[in-house]
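*Asks:* just a sequence and a predicted model for now, questions to come.
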Amino acid sequence: MTVPTGCMFTHIIRGDGKKITYQNAGVDCGFVGALNSGFCNWRIDFSHADTDNKTYRTPRGKTHAECEIHPMRDNAPQTLPRYGKACAHLSINGVRRVSQCHHITK
């Protein structure tokens, strides 16, 4: 499966240092992309890795059987135990299709 033309996967993080006050990920579609049938059996997971790229936490999202044009998920505010990166992953039918990461450094 490819992401339809006119769609992009977004991952937003707000905070300071290791403190994340807001985190959201989803698919935004416009123009021709908004006409597609949507994403079915989708799930958005967040993951956190240290500076050695070792993943230490993966809050897994719920799998949604319904089809949605704009799948989206928020993650709870948190303070990470270490610097590294925070990522969001979109899976369709249990297969990871796209990821976006932000490096969290001093």
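*Replies:* Received the coordinates, thanks.
*Asks:* show me the shaky parts of this protein.
*Replies:* Applying pLDDT under 70 to the chain flags residues 1-5, 31-37.
*Asks:* let me see the ranges of the strands in it.
*Replies:* 7-16, 19-29, 42-50, 55-57, 72-75, 78-79, 84-92, 95-104 (DSSP state E).
*Asks:* so which of those is nearest Thr63?
*Replies:* Across the strands of the chain, Thr63 has its closest neighbour in strand 42-50 (4.6 Å, CB to CB). (Each C-beta comes from the backbone N, C-alpha and C, glycine too.)
*Asks:* and that closest one, what does it pack against?
*Replies:* Helices and strands touching strand 42-50, as assessed by 3 or more CB pairs under 8 Å, 6 or more residues apart in numbering; DSSP states H and E, comprise strand 19-29, strand 55-57, strand 72-75, strand 84-92.
*Asks:* what's the angle from that strand to strand 7-16?
*Replies:* 40 degrees (axes from the mean of the first three to the mean of the last three CA atoms, to 10 degrees).
*Asks:* now strand 42-50: buried residues?
*Replies:* Using 16 or more other CB atoms under 10 Å as the test for burial, strand 42-50 gives 42-49.
*Asks:* now do stretch 6-20
*Replies:* Here stretch 6-20 shows 7, 9, 11, 13, 15, 18, 20 as buried, counting by 16+ other CB under 10 Å.
*Asks:* could I get the contacting residues of the residue sitting nearest the centre point of the chain?
*Replies:* Centroid-nearest residue in the chain, with CA atoms, centre = their mean: Ala88, separated by 2.7 Å. Contacts for Ala88 (CB atoms under 8 Å, 6 or more residues apart in numbering) come out as 9, 11, 23, 25, 44-46, 73, 99-101.
*Asks:* from Gly30, how far off is it?
*Replies:* Per CB to CB, to the nearest Å, Ala88 is found 20 Å from Gly30.
*Asks:* now Arg60
*Replies:* Remark: distance between Arg60 and Gly30 (CB to CB) = 29 Å.
*Asks:* same question for Val95.
*Replies:* Relative to Gly30, Val95 is positioned 25 Å away (criterion: CB to CB).
*Asks:* also Gly61?
*Replies:* Gly61 is 23 Å from Gly30, by CB to CB.
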